[in-house]
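Novice: this one's structure only:
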């Protein structure tokens, strides 16, 4: 019985569209959420989805307030408190730059640019290893990143490609940036 609980809790990020997010009706949605629902159907184990900001989802799992994370990249820091299962999906991650600084082709070319990232996201650590760490600005949500882009505080951000494109299009900034 201990090996097969009746219910587990799954922490998920509220704005990591298309993978896991809270939809307009306030429910868990996305590709990885669908996989968790299929897993629940196949195993008979009920799922309690717990929405939060990205950084909060990591804290919840690390503190035992959620049993598992909906889905994330492996890194050494997370490996200290998480166990990883089989890979569920793959995605590309890109940096998105405002057309006023277009032509940037590599991460190295961002060395003099403030780059917005989701706090606690894999790309935050990745970029801090390759760029001046003070140029990597963590935000609680993609909405906050887009807001900083809109008001000129940022000229670049990094995100999983579908997520970045979604948030740019939603804000009407799709033609203002390249990736």
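Specialist: That came in fine, so what should we check first? Not measured: the values here are computed from a predicted model. Numbering: from 1, shown residues only.
Novice: phi, psi of residue 152?
Specialist: With angles defined as degrees, to the nearest 10, residue 152 sits at phi 90, psi 0.
Novice: when you give positions from now on, start the count at 26
Specialist: Sounds good: first residue 26 from here, last item residue 177.
Novice: what's the spacing between it and residue 62?
Specialist: 41 Å (C-beta to C-beta, to the nearest Å). Placement of C-beta: from N, CA and C, glycine included.
Novice: Tell me the strands beside the helix or strand containing residue 76, with direction?
Specialist: Here residue 76 is covered by strand 71-77, with elements defined by DSSP states H and E. Using DSSP bridges, the strands paired with strand 71-77 are strand 32-38 (parallel).
Novice: The helix or strand following the partner strand packs against which elements?
Specialist: Following strand 32-38 in sequence order, the next helix or strand is strand 40-41 (DSSP H and E). Applying 3 or more C-beta pairs under 8 Å, 6 or more residues apart in numbering; DSSP states H and E, we find strand 40-41 packed against helix 167-175, helix 186-195.
Novice: so which of those comes closest to residue 123?
Specialist: helix 167-175 (7.0 Å; C-beta to C-beta).
Novice: packing partners for the closest one?
Specialist: Going by 3+ C-beta pairs under 8 Å, 6+ apart, helix 167-175 lies up against strand 40-41, strand 140-143, strand 161-164, strand 181-185, helix 186-195.
Novice: burial measure for residue 39, as a count.
Specialist: 20 (other C-beta atoms under 10 Å).
Novice: Ignoring the adjacent residues along the chain, who's closest to it?
Specialist: In this structure, residue 39 finds its nearest non-sequential neighbour in residue 47, 4.3 Å apart by C-beta to C-beta, 6 or more residues apart in numbering.
Novice: which residues touch the one helix or strand residue 86 maps to?
Specialist: Element membership of residue 86 [criterion: DSSP H and E] is helix 79-87. Residues from elsewhere that reach helix 79-87 (C-beta atoms under 8 Å, 6 or more residues apart in numbering): 36-38, 41, 75, 77, 90-95, 97, 103, 106-107, 143-146, 163, 165-166.
Novice: can you do 10 Å?
Specialist: Contacts with helix 79-87, where a contact means C-beta atoms under 10 Å, 6 or more residues apart in numbering, come from 34-41, 45, 75-78, 90-95, 97, 102-103, 105-107, 142-146, 149, 163-167.
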